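*Asks:* this one's structure only:
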């Protein structure tokens, strides 16, 4: 794969993921839906870690977190590994919002993107994306730091 193709695919997948988050949490505005979706997938994260994963500035993430905390959708606590840090997590209320349609919007968006692709190839691509996700997560320094093997 050429570098510009990789960048394009990464950017479009990011846009698709953000759209899926907005569809999953339609009542949230701005970055709030993307931040909450990220916290549902990666519990106990710092603002910096969230910003790195979703590609938003720390200021934008902090603003979204403040609104989510005010709404009772996100909580915080001191990091057990580093008492100087605060980690965030989706509250019970925040977690319950995503239960209604856990990954249906992501599935739907992928199905839309892959509409012209044969069913067998579509399933292969979705499977390859899961493998890519696992491989990327395994090489992510933030994940290794927080969850050493």
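*Replies:* Thanks, I have the structure now. Worth saying up front: this structure is predicted, and the values here are computed from it rather than measured.

*Asks:* tell me the centre residue of the protein?
*Replies:* Centroid-nearest residue in the chain: residue 38, 3.2 Å away (criterion: Cα atoms, centre = their mean).

*Asks:* tell me how far that residue lies from residue 50.
*Replies:* Distance, residue 38 to residue 50, using Cβ to Cβ, to the nearest Å: 5 Å. In this view, the C-beta of every residue, glycine as well, is placed from N, C-alpha and C.

*Asks:* now tell me what touches stretch 26-45 from outside.
*Replies:* 17-18, 20-22, 24-25, 49-50, 53-54, 56, 60-61, 63-65, 67-68, 73-74, 77, 79, 87-90, 94-95, 97-98, 146 (Cβ atoms under 8 Å, 6 or more residues apart in numbering).

*Asks:* tell me where this protein has strands.
*Replies:* For the chain, the strands defined by DSSP state E occupy 74-78, 86-90.

*Asks:* output those strands as a markdown table; include the columns mean neighbour count and distance to residue 111.
*Replies:* A markdown table is the format used below for the strands of the chain (neighbours: other Cβ atoms under 10 Å; distance: least, Cβ to Cβ, whole Å):
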| stretch | mean neighbour count | distance to residue 111 |
| --- | --- | --- |
| strand 74-78 | 15 | 30 |
| strand 86-90 | 19 | 26 |
